[in-house]
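**Student:** with the input below, show me the fold.
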Amino acid sequence: MLYDLSGKSVVITGATSGIGLAAAHQFVKSGAFVIGVGRSKSRNETARNAIQVAYPGKFVDYLIADLSIQKEVNALANEIPLLLEKHGFSQLDVLINNAGVYLGRKQKTVDDIETTFAVNHLAGFILTNKLLNLLNKSESGRVLSVSSYSHYTTPLTLDRISNPWPYLSLLAYKRSKLCNVLFTYECNRRFDKVLAFAVDPGLVNTSIASKGSNGVSHWVWRKKRENGTSPDVPAQTMLYLAYEPEIDTSKGFYFKDCAPKNPSRKSKSVELAKELWEKSSQLTGLKGFEGHS
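**Tutor:** Take a look at the predicted model:
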């Protein structure tokens, strides 16, 4: 289904491949002005050029940021309002926290935080908080975070989340996806105007695990994704959540295939969601930021 998103502004992280690139194409096609985020200048240019060729007369731009580095995430949050203003926007209508990694071996960022958690959760936490004022200026501000069915039956101990030991790649990934749902739950508790949704893309044929894994892990992911759907499928869910004027998050905030789905019981724990927010605030230097819209 093609939605009319003319006059809407959208930021999509991880927008040079997979779900993020598919979403960028579909949002631009629907008339939105899209700011894509990637960490490679050449890949950003390739993605932007492909979209401009596909949809002449539509508007898309890209910004560079390595989302594992908090300094770059904060710089990105400062660049986005300037680029929006350049294109005539005083508000941000939709923020899509899509960027994600799966790492076969434990890696730490320059901020001394395990990289999977830093990219998959903390980057979105920073951007959402830093861009909240812009989202509040929208008539229907939305924050979409790409999670995964893998968040079900996942243990979560926050006292070691930034430096897990022992490190198990799949568990680290699953924990980060549970954090996405908990973050969404807490956003809706804290925000008065902006709505937050977690998107379950299902099994999608993307290269996410090929970028940071090898050996058995790489082979398993490659075989699994052969049966996956097109990235356009979850991109359609994102369009739906961005377009629909009234969605009651109390009746569902976790969506798959344009329909609400019940997330795990743990992902709706008020105490765990609060604890994650406080931990994230400490790790990002946003301690004391209440996040209320």
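
**Student:** element containing the nearest residue in space to Gln26 that is not next to it in sequence, please.
**Tutor:** Nearest residue to Gln26 in three dimensions, chain neighbours excluded: Ala235, at 4.8 Å (C-beta to C-beta, 6 or more residues apart in numbering). Backbone N, C-alpha and C define where each C-beta goes, glycine included. Using DSSP states H and E, Ala235 maps to helix 232-243.

**Student:** Ser30 is in contact with the residue nearest to Gln26, correct?
**Tutor:** No. Under the criterion of C-beta atoms under 8 Å, Ala235 makes no contact with Ser30, lying 10.4 Å away.

**Student:** higher neighbour count, the two?
**Tutor:** A count of neighbours by other C-beta atoms under 10 Å puts Ala235 above the other of Ala235 and Ser30, at 26 against 21.

**Student:** distance of that one relative to Asp66?
**Tutor:** Applying C-beta to C-beta, to the nearest Å, the value for Ala235 to Asp66 is 24 Å.

**Student:** the residue nearest the centre of the chain: what's it in contact with?
**Tutor:** Residue closest to the mean C-alpha point of the chain, counted by C-alpha atoms, centre = their mean, is Asn97 at 1.7 Å. The neighbours of Asn97, taking C-beta atoms under 8 Å, 6 or more residues apart in numbering as the test, are Thr13, Ala123, Gly124, Leu127, Thr128, Val143, Leu144, Ser145, Val146, Asn180.

**Student:** dump the residue contacts of the residue nearest to the first one when sequence neighbours are not counted.
**Tutor:** In space, Thr13 comes closest to Ala99 once its chain neighbours are excluded; the distance is 3.9 Å by C-beta to C-beta, 6+ apart. Applying C-beta under 8 Å, 6+ apart, we find Ala99 in contact with Thr13, Gly14, Gly20, Val37, Leu67, Val119, Asn120, Ala123, Gly124.

**Student:** got JSON lines for those residues, with pLDDT and distance to Thr284 too?
**Tutor:** Listed next are those as JSON lines, based on pLDDT from 0 to 100; distance: C-beta to C-beta, whole Å:
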{"residue": "Thr13", "pLDDT": "98", "distance to Thr284": "16"}
{"residue": "Gly14", "pLDDT": "98", "distance to Thr284": "19"}
{"residue": "Gly20", "pLDDT": "98", "distance to Thr284": "22"}
{"residue": "Val37", "pLDDT": "98", "distance to Thr284": "17"}
{"residue": "Leu67", "pLDDT": "98", "distance to Thr284": "12"}
{"residue": "Val119", "pLDDT": "98", "distance to Thr284": "13"}
{"residue": "Asn120", "pLDDT": "98", "distance to Thr284": "14"}
{"residue": "Ala123", "pLDDT": "98", "distance to Thr284": "9"}
{"residue": "Gly124", "pLDDT": "98", "distance to Thr284": "11"}
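
**Student:** just the ones of those residues in helices?
**Tutor:** Those of these mapping onto helices are Gly20, Ala123, Gly124, per DSSP state H.

**Student:** list the buried ones in stretch 162-173?
**Tutor:** By 16 or more other C-beta atoms under 10 Å, the buried positions in stretch 162-173 come out as Ser162, Pro164, Ser169, Leu170, Leu171, Ala172, Tyr173.

**Student:** got a list of contacts for stretch 62-82?
**Tutor:** 11, 13-16, 35-41, 44-45, 47-48, 83, 92, 99, 101, 109-111, 115, 118-119, 122-123, 126-127, 130-131, 134, 284-285.

**Student:** picking up where we left off before, chain center to the helix holding Ala235: distance?
**Tutor:** How far helix 232-243 lies from its chain's middle: 13 Å, per C-alpha atoms, centre = their mean, to the nearest Å.

**Student:** other SSEs contacting that helix?
**Tutor:** If you count contacts as 3 or more C-beta pairs under 8 Å, 6 or more residues apart in numbering; DSSP states H and E, helix 232-243 packs onto helix 18-29, strand 142-146, strand 195-199, strand 254-256.
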